[in-house]
Structures are given as structure tokens and as C-alpha cells.
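Asker: fold the following and give me the result.
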Amino acid sequence: MAVKKKTRSDSTTAVIRAMDNAAKNTIEPPEYAGLMAKARPFWDANIKSKSLDLWIDTDLIECADLCNNQLRILELRKELSKENKKTGEERNSNEIKRIDKQITDLGRLVAAQKRNLQIHSHATNGESRDQVNHNKNEQEARKYLGKHDDGLLATPIH
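Answerer: Numbers count the residues shown, from 1 in each chain. As a prediction, this is how the structure comes out:
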């Protein structure tokens with residue numbers, strides 16, 4: 001079986017692929033991945049953080065889990081805020097500590113998941129040269145589509 005050569009991130013093919021990805025804007029989560037409906041905004045944000053053509057099926061499953069964990073952190077922060085507003089006998093310091101520990105633990109898990117998916121700040125902002133070029137091409141294509149969304153120019157979505 002022949003090994004497919006990777007496309008250079010600064011090639012015309014890569015620019016065309018970036019424009020196509022910018023027009024798609026996201027990847028739909030696999031149904032079997034278990035993404036909670038309320039976690040969809042996290043999904044869209046995480047998916048856009050690297051070039052769409054770099055995602056593989058196992059990454060999408062991990063991303064769904066990451067998004068669910070990010071949603072859970074948000075829910076726990078709301079719980080913590082409610083507990084912190086309580087005073088006197090209603091205030092339960094053990095509950096506050098428990099929630100705070102869950103947020104900390106989930107935060108560490110989220111950071112590890114982002115590293116595994118290569119969507120942490122080093123991967124998206126500078127240390128991975130090829131990924132940076134893929135991301136840059138796609139971001140430029142999104143900006144272009146945003147500026148020229150008057151329907152007068154042909155784009156991949158027309």
C-alpha cells in the first residue's frame with residue numbers, strides 16, 4: 001500500500017482546502033461520541049481551533065468528552081457561586097471544598113485532553129509549525145469569507 005504524502009501547509013492545495021474548511025466552519029459530532037446538547041458551543045469552539053482536515057475519528061470522540069467536561073466545569077462554577085452567596089447556617093464549607101476540588105480536577109483533565117488533541121495554546125499559537133500554517137490559512141479564509149459575504153463573489157458555499 002502506498003503511503004500518501006502530506007500536503008505542504010504553504011501550498012496552493014492547502015490554501016484551497018483551508019477555504020473549503022472555512023466555508024464548512026465545523027465538523028458535526030459523531031452520534032456515538034455522546035456530546036451533550038448543551039456542550040455544542042464548546043464543540044464548535046474546540047473544532048475551530050485547528051484545521052478541520054487534521055481531525056480524525058478518535059479525536060472527535062475525545063473532543064466530545066472534552067466538551068462535556070468543559071460544560072460540567074461551567075455547571076460546577078454556577079453551583080459554587082450559589083454556595084458562596086449563602087451565609088450563616090446555610091453556608092456549607094465542605095460542599096464548597098468538594099465543588100472546588102471537582103473544578104480543579106476537571107480543569108486538569110481538560111488541560112490534558114487539549115494537549116492530547118493538540119488544541120492547547122502552544123499547538124495553536126506557535127510551536128507546531130505545520131499546524132500553525134494550517135490554522136493561519138483557515139483563519140485567513142474565514143476573514144475573507146466574512147468580508148465578502150455579500151453574495152457577489154463566488155465562494156465554495158455558493
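
Asker: what's the per-residue pLDDT of Arg72 here?
Answerer: Arg72 is assigned 98 on the pLDDT scale.

Asker: can you tell me the SS state at it?
Answerer: At Arg72 the chain is in helix, as set by DSSP: H, G, I helix; E, B strand; the rest coil.

Asker: ok, now Leu35?
Answerer: coil.

Asker: who touches Cys67 in this structure?
Answerer: Taking CB atoms under 8 Å, 6 or more residues apart in numbering as the contact definition, Cys67 lies against Leu35, Met36, Ala39, Arg40, Phe42, Trp43, Asn46. In short, each C-beta sits where N, CA and C put it, glycine included.

Asker: would you check how far apart the nearest residue to Ile103 once chain neighbours are set aside and Glu90 are?
Answerer: Once flanking residues are discounted, Ile103 sits nearest to Leu76: 5.0 Å by CB to CB, 6 or more residues apart in numbering. Using CB to CB, to the nearest Å, we find Leu76 at a distance of 19 Å from Glu90.

Asker: these two - which one has more neighbours?
Answerer: Remark: of Leu76 and Glu90, Leu76 carries more neighbours, 19 against 8, as counted by other CB atoms under 10 Å.

Asker: okay, and the helix or strand of this structure with the least pLDDT?
Answerer: helix 121-125 (a mean of 57; mean pLDDT, DSSP states H and E).

Asker: next SSE after it?
Answerer: Toward the C-terminus, helix 121-125 is succeeded by helix 129-147 as the next helix or strand (DSSP states H and E).

Asker: cool, thanks, talk later.
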